[in-house]
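**Student:** below: sequence and its predicted model.
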Amino acid sequence: MTEPVLVSPRLIYVERVIGIPDIELFDLSKDGKTALALSNKTGSYQLAAVDVRGGQLRPVSHGKERVAWARISNDSETICFSRDFGGKEEHQLFTVPLADGEEEEQLTRLPATRAFNFNWSNGDDRIVLAGATQETNGVWTVDSSNGQHSQIYQNRHWVFNPEWSKDDSRICISAKTTEHPTALELVFLSPEKEQDPVVYTPRVDSENTNGGWHPSEPWILFKTDARGRYELAVYKTDAQELSYLKSADLGLDFPVFAWMPDGKSVYYLATNNGRTRLYIEPIDASEPPREIPLPEGYHAGFFGTSVKVAKPGEYFVFSWSSLSSPPTLSRCDLETGRVETLNEHFTDLPLGRAEPVVYGSFDGRSIHGWFLKPTRQEGRSPCVLWIHGGPAWEVADVWNPAIQSFLVAGYTLFAPNIRGSTGYGVEFQNLNIHDCGGADLKDVEEAANYLKSRPDVDPSKIALVGASYGGFMTFLATTKIPDYWSAGAAIVGITDWKEMYGLSDAAFKSFIERYFGKPEENPDLYYDRSAINFAQNLKAPLLIWHRGNDSRCPLAPVQKYADRLRELGKDFEMNVVWDEGHGFQKTENLVRQYKAIIEFLDKKIGSSN
């Protein structure tokens with residue numbers, strides 16, 4: 001007779017919270033009728049469409065291989081999307097009618113290419129794609145009728161955000177064309193390669209991104225740090241005139257911005273301390289920026305596509321969430337200000353609540369973060385110190401099922417936005433250039449000291465957990481400052497920057513050079529910030545969780561680190577998920593991941609609840 005298996009209610013809560021569907025707006029059809037969203041409601045990240053007047057989500061893409069990017073054609077008839085296979089980030093483009101009922105068809109047969117993003121031409125006859133191969137970064141045009149592709153631009157460093165001009169005669173991209181670590185220039189390309197690329201920057205070595213063409217004029221709206229802070233600017237390519245908006249008075253960063261349909265104004269999200277607000281600003285400065293009230297939280301999402309305006313300018317469609325509110329798709333009427341929900345998820349789970357916190361670091365710099373508690377807590381509890389990925393990312397007031405999984409399991413959690421995080425201005429974001437694992441590691445150390453001073457945290461039970469760059473920081477902190485931690489869990493992390501550089505494609509070589517320079521230029525920095533060289537110092541029990549197809553943080557260096565820990569007799573466990581890569585995961589694998597991490601922490605330090 002088979003004995004029943006008793007499953008902790010806490011782990012059932014973890015499975016349920018990971019299963020709450022994610023939803024993020026990708027695009028809005030030009031006729032204003034249909035919103036296109038990315039959701040994992042089916043268990044993997046697929047496209048779904050919804051009528052902006054209300055109704056049910058309907059599937060657009062199918063299967064278990066995740067969708068990475070999508071755009072609706074200008075005639076509102078066809079969707080083009082990129083699909084990843086097995087998490088390897090070797091993408092192909094697919095098309096599917098926006099109307100209900102048909103299956104997608106593969107459009108391209110690209111060689112191994114990491115596709116970042118793409119856009120339809122205004123005539124819908126071509127698609128322009130920015131991406132990378134093993135050897136080069138570049139831009140390709142794709143014939144939308146047959147999938148034939150042609151490379152029109154090649155660059156040593158990374159390239160993003162290709163946008164067609166209104167007459168399809170030019171393409172604007174953001175590209176790193178110099179060796180300055182943080183510089184990005186606007187580059188104007190001829191789709192037929194009839195003219196040489198034209199590079200524009202308002203100031204040498206400044207960062208200029210996400211150029212978007214005016215609806216009818218040859219003007220570009222973009223984000224720049226040319227004056228030492230992030231702000232929005234308009235460059236008139238015909239007159240070669242540059243003007244700045246008043247955005248910098250309202251926020252420290254602008255993750256979403258675009259032209260209003262009439263071209264007289266722009267809209268943007270302004271970020272302050274992990275929350276966003278929406279504004280409309282006329283470009284002629286005739287009126288001050290006007291706020292469009294939205295629910296409190298974060299509206300920028302992951303892809304920077306989460307706010308779209310209908311072509312007549314009558315309403316916005318947007319996705320949003322908070323650390324304690326699951327993702328919602330909504331519509332805001334500009335005339336009445338009324339916000340209507342198009343899709344949301346209700347849950348009776350005991351979700352934890354977030355408290356904004358500021359602590360002082362070693363050099364007197366203020367570090368902002370979020371302290372989260374379970375709904376029921378008594379006395380001092382074990383605490384998870386959660387380090388986000390990126391490093392150019394942040395823990396905003398945005399839904400994070402991983403964070404909530406610890407809370408419903410009874411752990412408190414602190415998520416600091418250490419130096420190098422986005423959302424706090426360009427100077428703060430660039431503090432870790434050529435210093436990853438240096439001063440930001442000290443920010444982590446001071447975060448641990450802050451936790452030890454709290455009356456609701458057990459100072460002897462602080463676990464360090466993080467994914468991607470957070471996984472790197474977990475590996476490094478548990479070897480460089482080992483006495484702070486009672487346990488650690490490193491998810492898709494980095495243990496050897498030099499080996500990772502050698503295994504990377506052109507895009508991620510550029511990424512590593514931004515933060516470290518080349519290995520031959522800074523060998524001591526590469527050595528000092530790689531945990532493989534300090535494995536002997538590990539004291540805390542460590543769980544290593546990696547993915548076999550990860551092309552951003554490859555498995556091989558992490559496996560070598562695990563082998564070294566085994567030789568040293570260290571207390572660790574390792575699990576590899578072979579059918580996944582970096583980034584968004586299948587829900588079943590995320591459930592496995594966070595249940596395993598929480599069971600590991602329960603075993604090593606125990607939850608008080």
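**Tutor:** Nice, thanks for sending it over.
**Student:** quick one, helices of the stretch 301-450 of the chain?
**Tutor:** Under the criterion DSSP state H, counting those that start in this stretch, helices of the stretch 301-450 of the chain are mapped to 401-408, 426-429, 439-452.
**Student:** now do the first one: everything it contacts.
**Tutor:** Same thing as helix 401-408. In this structure, residues lying in contact with helix 401-408 by CB atoms under 8 Å, 6 or more residues apart in numbering are 10, 13-14, 16-18, 20, 22, 323-324, 349-352, 372-375, 384, 386, 395, 413, 415, 465, 467, 590, 594, 598. C-beta: built from backbone N, CA, C; applies to glycine.
**Student:** gap between that helix and the chain center?
**Tutor:** Distance, stretch centre to chain centre, for helix 401-408: 18 Å (CA atoms, centre = their mean, to the nearest Å).
**Student:** that older thread, which one of the helices of the stretch 301-450 of the chain is the most hemmed in?
**Tutor:** Mean neighbour count, computed with mean count of other CB atoms under 10 Å, is highest for helix 401-408 among these, reaching a mean of 25.
**Student:** Leu323 and Glu105, how far apart?
**Tutor:** Distance check for Leu323 against Glu105: by CB to CB, to the nearest Å, it reads 39 Å.
**Student:** and what of Ala35?
**Tutor:** When CB to CB is applied, the distance between Ala35 and Glu105 equals 23 Å.
**Student:** can you check Glu77 too?
**Tutor:** With CB to CB as the criterion, Glu77 and Glu105 are 14 Å apart.
**Student:** about what we covered before: comparing Ala35 and Glu105, which residue is more hemmed in?
**Tutor:** Using other CB atoms under 10 Å as the criterion, Ala35 and Glu105 rank with Ala35 on top: 28 against 10.
**Student:** for the more buried one, which residues are in contact?
**Tutor:** With contact set as CB under 8 Å, 6+ apart, Ala35 has these partners: 25, 27-29, 49-52, 308, 317, 329, 342.
**Student:** from those, which would you call buried?
**Tutor:** Burial by neighbour count, judged by 16 or more other CB atoms under 10 Å, picks out 25, 27-29, 49-50, 52, 308, 317, 329, 342 from those.
**Student:** now, which of those residues lie within strands?
**Tutor:** For the buried ones among the contacts of Ala35, membership in strands holds for 25, 27-28, 49-50, 308, 317, 329, 342, with DSSP state E as the criterion.
**Student:** and those, which is closest to Asn155?
**Tutor:** Nearest to Asn155, judged by CB to CB, of these is Asp27 at 26.6 Å.
**Student:** surely the closest one meets Ala70?
**Tutor:** Yes. With contacts defined as CB atoms under 8 Å, Asp27 counts as touching Ala70 at a distance of 6.4 Å.
**Student:** now the helices for the stretch 451-600 of the chain?
**Tutor:** Counting by DSSP H, counting those that start in this stretch, one finds helices in the stretch 451-600 of the chain at the ranges 469-480, 497-503, 506-516, 523-528, 555-568, 587-604.
**Student:** just the stretch 151-300 of the chain next, same as before
**Tutor:** In the stretch 151-300 of the chain, no segments count as helices under DSSP H, counting those that start in this stretch.
**Student:** hey, what's the closest residue in space to Asn208 that isn't next to it in sequence bridged with?
**Tutor:** Residue nearest to Asn208 in three dimensions, not counting chain neighbours: Thr224, with 4.7 Å by CB to CB, 6 or more residues apart in numbering. On the basis of DSSP bridges, Thr224 is bridged to Asn208, Glu231.
**Student:** shared neighbours of Asp27 and Ala70, anything?
**Tutor:** Contact criterion CB under 8 Å, 6+ apart; residues shared by Asp27 and Ala70: Leu36.
**Student:** distance check, the nearest residue in space to Leu542 that is not next to it in sequence against Asn522.
**Tutor:** Nearest residue to Leu542 in three dimensions, chain neighbours excluded: Phe572, at 4.3 Å (CB to CB, 6+ apart). Relative to Asn522, Phe572 is positioned 29 Å away (criterion: CB to CB).
**Student:** who has more neighbours out of the two?
**Tutor:** With other CB under 10 Å as the criterion, Phe572 and Asn522 differ in neighbour count, and Phe572 comes out ahead with 20 against 16.
**Student:** redo the buried ones among the contacts of Ala35 as a markdown table? Include pLDDT and distance to Gly63.
**Tutor:** Written out in a markdown table, the entries for the buried ones among the contacts of Ala35 read as follows (pLDDT from 0 to 100; distance: CB to CB, whole Å):
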| residue | pLDDT | distance to Gly63 |
| --- | --- | --- |
| Leu25 | 97 | 22 |
| Asp27 | 97 | 20 |
| Leu28 | 97 | 24 |
| Ser29 | 96 | 23 |
| Ala49 | 96 | 17 |
| Val50 | 95 | 20 |
| Val52 | 94 | 26 |
| Lys308 | 97 | 26 |
| Val317 | 97 | 26 |
| Leu329 | 97 | 22 |
| Leu342 | 95 | 25 |
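**Student:** which of these sits closest to Glu89?
**Tutor:** Proximity to Glu89 was ranked across these by CB to CB; first place goes to Asp27, at 21.1 Å.
**Student:** can you pull the contacts of that closest one?
**Tutor:** Residues touching Asp27, when contacts are defined by CB under 8 Å, 6+ apart, comprise 35-36, 70-72, 305, 308.
**Student:** break the protein into its domains for me.
**Tutor:** Following automatic domain parsing, the chain resolves into domains at 24-102, 108-229+240-244, 253-346, 353-604.
**Student:** flag the shaky bits of the chain, pLDDT-wise.
**Tutor:** Applying pLDDT under 70 to the predicted model, the residue ranges of the chain that meet it are 1-7, 607-609.
**Student:** so the biggest strand by length in it versus helix 439-452, what angle?
**Tutor:** As assigned by DSSP E, the longest strand anywhere in the chain is strand 457-467. Calculated by axes from the mean of the first three to the mean of the last three CA atoms, to 10 degrees, strand 457-467 forms an angle of 150 degrees with helix 439-452.
**Student:** quick one: buried residues of strand 457-467?
**Tutor:** For strand 457-467, the neighbour count (16+ other CB under 10 Å) marks 457-458, 461-467 as buried.
**Student:** so Asp253 sits against Ser421, correct?
**Tutor:** No. Here Asp253 lies out of contact with Ser421, judged by CB under 8 Å, at a distance of 10.2 Å.
**Student:** three-state assignment of Asp31?
**Tutor:** Following DSSP: H, G, I helix; E, B strand; the rest coil, Asp31 is assigned to coil.
**Student:** which residues are in contact with it?
**Tutor:** Residues counted as contacts of Asp31 (CB under 8 Å, 6+ apart) are 76, 311.
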